[in-house]
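# Sharing a model that was predicted from the sequence below.
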Amino acid sequence: MTNPASPPPEAHIIRTDAEALEVARALAESFAPGAVDRDRERILPWAELDAFSASGLWGITVPRAHGGAGVSMVTLARVTAIIAAADGSLSQIPQNHFYALEVLRSGAREDQQRFFFQKALRGLRFGNALAEISHRDFKRRTRLVRTPGGLLLQGQKFYCTGAIYAHWIPTLAVDDEDVQQLVFIPRRAPGVSITDDWDGFGQRVTGSGSVAFDQVQVQPEWVVPFQTSFERPTPIGPVAQLIHAAIDLGIGQSAFTATLPFIRDRARPWIDARVATAAEDPLTLAGLGEVALRLSAAEALLHRAGAAVDAAITEPTENTVAGASVAVAEAKVLTTRAGLLAASKLFEFTGTSATFADDNLDLYWRNVRTHTLHDPVRWKYHAIGNFALNGVNPPRHGAI
């Protein structure tokens, strides 16, 4: 098992959007063959993650002024979908890494940006410790406390995707003034404990378990403004949601890809179709057409949403950020519906033999169903409708 405290191999520096896509396709080709076994046996992807971060893809959103490629959000979404089509879990692990990079870009001081951006370019991975459970409200109970001896972090987190693999763990905490801050904590800092207790039926190797902080000493330069970055128009929320939408699209595309050879090679046509092969069954063909259309539409909306986020990054105003949030919400609705449709229709079109455990074809449905629960899509409809009818901008937070 790789020691996450050890520096990874020096990462390649990606310079252009085209190079990012080329690298993503090559990595996806290497990731895909082992995805079924990693899911079935719950094998944590240490080697794959080292290759992933060494490829330079984890640094592609670092701004050019800091030595990165500063790729477009359209490219980031495409890269994410490409990796998701190979392995849904692997595509989700860097989601919060890119989220943290956007928080840094939007609200950190120049010295903080320089410090953490260089770490990302070297291949270091940022995890997350944002969410908390066991309470019905959304108040943060993890505290950043100022003491005579310095700053201390105390609290517990769950759904900490990628934390077990991380070199740094961006952690959401409230300070003595009840203001939310994003605190970057070294993975091996004294007082940090990570429990690999994620047991969801999908996205099984994302490492989305628990993190506890017991009087962890914090350097002031590790504390990055968070709440204040949502008190003005910033594209942090749309960036985060765009990546989630891309993950769902990629998993759905992969499910569709897995459906086709099964129909050609193993499925039987229904007796009333009066055709020789399942590939000639007219109702199967019509159903496949619907899935292909939904996935294509979702992909188009995802790319349109990425362009809207790029506009909000270039000029973050009330209008551009709201427009980006709505565009991403529309894409998220479609990627959710299309991904679930593709993963479900896989079984409808192929029949009972597709449920055999050796094939593990339920991987796609389990992954897309689990990941699409990340943020309730019913509230995306609300935000879209309220904007269209009443001109009400969506709220500014990380889930819209």
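Everything's here; your move.
# What is the burial count for Asp175?
Taking other CB atoms under 10 Å as the criterion, the count of residues near Asp175 is 16. Every C-beta, even on glycine, is put in place using the N, C-alpha and C of the backbone.
# got a pLDDT number for it?
Turning to Asp175, the model gives it a pLDDT of 97.
# Could I get the phi/psi values of the residue lying farthest from the centre of the chain?
Most distant residue from the mean C-alpha position of the chain: Arg274, 44.7 Å away (CA atoms, centre = their mean). With angles defined as degrees, to the nearest 10, Arg274 sits at phi 60, psi 40.
# Could you report the distance from Thr370 to Asp362?
Applying CB to CB, to the nearest Å, the value for Thr370 to Asp362 is 12 Å.
# and Val23, helix, strand or coil?
Look at Val23: counting by DSSP: H, G, I helix; E, B strand; the rest coil, its state is helix.
# From what I see, it and Trp58 are in contact.
No. Using CB atoms under 8 Å, Val23 makes no contact with Trp58, being 11.0 Å away.
# Val309 belongs to a strand?
No. According to three-state DSSP, the state of Val309 is helix, so it is not within a strand.
# start the count at 17, not 1, going forward
Yes, from this point I'll number from 17; that puts the last item at Val325.
# list the contacts for it?
Contacts for Val325 were tallied using CB atoms under 8 Å, 6 or more residues apart in numbering; they are 89, 251, 254-255, 258, 340, 343-344.
# Low-confidence stretches in the stretch 67-216 of the chain?
The stretch 67-216 of the chain contains residues with pLDDT under 70 at 152-154.
# in it, which spans are strands?
According to DSSP state E, counting those that start in this stretch, the stretch 67-216 of the chain carries its strands in the segments 159-163, 166-176, 184-190, 196-202, 208-211.
# quick one: contacts for the residue lying closest to Leu92 once chain neighbours are set aside?
In space, and not counting its chain neighbours, Leu92 is closest to Thr77: 6.1 Å by CB to CB, 6 or more residues apart in numbering. Thr77 sits next to 84-87, 92, 114, 117-118, 121 when contact means CB under 8 Å, 6+ apart.
# List phi and psi for Thr77.
phi -90, psi 0.
# Ser88 versus that one, what's the distance?
Counting by CB to CB - Thr77 and Ser88 are separated by 9 Å.
# nearest spatial neighbour of the residue nearest to the spatial centre of the chain, skipping sequence neighbours?
Centroid-nearest residue in the chain: Gln111, 3.4 Å away (criterion: CA atoms, centre = their mean). Excluding its sequence neighbours, the residue lying closest to Gln111 (CB to CB, 6+ apart) is Ile259, at 4.8 Å.
# Might one say that that neighbour is in contact with Thr91?
No. Ile259 lies out of contact with Thr91 (CB under 8 Å); the separation is 11.9 Å.
# Between the two, which has more neighbouring residues?
Higher neighbour count among Ile259 and Thr91: Ile259, with 26 against 23, using other CB under 10 Å.
# now Tyr175, nearest residue through space, not along the chain?
Ala147 (4.3 Å).
# How about Arg320?
Ala343 (6.1 Å).
# Leu318 is in contact with that neighbour, correct?
No. Counting by CB under 8 Å, Ala343 does not reach Leu318; the two are 9.5 Å apart.
# Among those two, which residue is more densely surrounded?
A count of neighbours by other CB under 10 Å puts Leu318 above the other of Ala343 and Leu318, at 28 against 23.
# Tell me how far the helix or strand hosting Pro277 lies from the chain's centre.
Assigned by DSSP states H and E, Pro277 falls within helix 252-281. Relative to its chain's centre, helix 252-281 lies at 12 Å (CA atoms, centre = their mean, to the nearest Å).
# got the buried residues for it?
By neighbour count on 16 or more other CB atoms under 10 Å, the buried set for helix 252-281 is 252-272, 274-275, 278-279.
# and if you look at stretch 375-385?
In stretch 375-385, counting by 16+ other CB under 10 Å, buried: 377-385.
# Could you do stretch 192-212 as well?
For stretch 192-212, by 16+ other CB under 10 Å, it's 196-201, 203, 205, 208, 210.
# which one among those residues gets closest to Gly50?
Relative to Gly50, the closest of these is Ile210; by CB to CB it sits at 23.6 Å.
# Would you mind confirming that that closest one is in contact with Cys176?
Yes. Assessed by CB under 8 Å, Ile210 is found in contact with Cys176 at 7.4 Å.
# what do those two both touch?
225-227.
# now that we have the residues you listed, which one has the most neighbours?
Val227 (26 neighbours).
# secondary structure element for it?
strand 225-234.
# helices or strands up against that strand?
The helices and strands touching strand 225-234, judged by 3 or more CB pairs under 8 Å, 6 or more residues apart in numbering; DSSP states H and E, are strand 166-176, strand 184-190, strand 196-202, strand 208-211.
# With distance to Asn409 as extra columns, can I get those strands in TSV?
Listed next are the helices and strands packed on strand 225-234 as TSV, based on distance: least, CB to CB, whole Å:
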stretch	distance to Asn409
strand 166-176	27
strand 184-190	23
strand 196-202	21
strand 208-211	38
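# so which of those strands gets nearest Thr371?
Once the helices and strands packed on strand 225-234 are compared by CB to CB, strand 166-176 is nearest, at 29.3 Å.
# Tell me which strands that closest one pairs with, and in which orientation.
strand 159-163 (antiparallel), strand 225-234 (antiparallel) (DSSP bridges).
# So what's the gap between it and the chain middle?
Taking CA atoms, centre = their mean, one finds strand 166-176 lying 22 Å from the centre of the chain it belongs to.
# Outside of it itself, list whatever touches it.
Counting by CB under 8 Å, 6+ apart, 143-149, 156-161, 185, 187, 189, 199, 201, 207, 210, 223-236, 239 sit against strand 166-176.
# Need the CA coordinates for that strand. PDB is fine.
Taking Å, rounded to 0.1, in the frame of the first residue of the first chain, the C-alpha atoms of strand 166-176 are listed here in PDB:
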ATOM      1  CA  GLY A 166      -1.900  28.900  18.400                       C
ATOM      2  CA  LEU A 167      -4.800  27.700  16.300                       C
ATOM      3  CA  LEU A 168      -6.300  24.200  17.000                       C
ATOM      4  CA  LEU A 169      -8.800  22.200  15.000                       C
ATOM      5  CA  GLN A 170     -11.300  19.900  16.700                       C
ATOM      6  CA  GLY A 171     -14.100  17.900  15.100                       C
ATOM      7  CA  GLN A 172     -15.400  14.900  13.100                       C
ATOM      8  CA  LYS A 173     -16.300  14.600   9.400                       C
ATOM      9  CA  PHE A 174     -17.900  12.000   7.100                       C
ATOM     10  CA  TYR A 175     -18.300  11.500   3.300                       C
ATOM     11  CA  CYS A 176     -14.600  12.500   3.100                       C
END
